[in-house]
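Participant: Generate coordinates for the sequence data below:
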Amino acid sequence: MIRKAVLLLALALAGCVPDQATDLAGCEAQAERFYPLFKAVEPNAPASRYLIECMASKGYDFSVTPQDCDSQRQLPTQAACYTPTNWAASLFDSARRYWKSF
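Facilitator: This is a model prediction of the structure:
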């Protein structure tokens, strides 16, 4: 019975977890609108700074330390390079990254 309750609670909370990819896509659309001549190639470019600040306003920190943040691609445009600042979302994100590594 307890297993079922934990499973139902996990399913209910899964819908409340923020989605980095969706949030980043919205920020990228805004960055393209405000900075059409600049591309988010390096973190100091205007479009990149806008992406990082937009994601910060949605509750994410820009971090290049996660393993799935690929340095071969443009860092500010990767959802994997953002970590949630909320403790519950951060815990879920850590668990997701751990299980994804297998």
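Participant: quick one: average pLDDT of stretch 23-38?
Facilitator: Here stretch 23-38 scores 91 as its mean pLDDT.
Participant: Buried residues, that stretch. List them.
Facilitator: Within stretch 23-38, the residues that count as buried by 16 or more other Cβ atoms under 10 Å are Asp23, Leu24, Cys27, Glu28, Ala31, Tyr35. All C-beta spots, glycine's among them, are computed from the backbone N, C-alpha and C.
Participant: Closest one to Ala56 out of the residues you listed, please.
Facilitator: Ranked by distance to Ala56 (Cβ to Cβ), the buried residues of stretch 23-38 are led by Cys27 at 9.8 Å.
Participant: That closest one: helix or strand, and which one exactly?
Facilitator: Element membership for Cys27 (DSSP states H and E) is helix 20-34.
Participant: quick one: the residue nearest the centre of the chain from Phe38, how far?
Facilitator: By Cα atoms, centre = their mean, the chain has its centre lying nearest to Gln20, at 3.2 Å. Look at Gln20 and Phe38: by Cβ to Cβ, to the nearest Å, they are 22 Å apart.
Participant: Next: Ala25.
Facilitator: 18 Å.
Participant: Could you pull up the mean pLDDT of stretch 61-79?
Facilitator: Mean pLDDT, computed over stretch 61-79, is 83.
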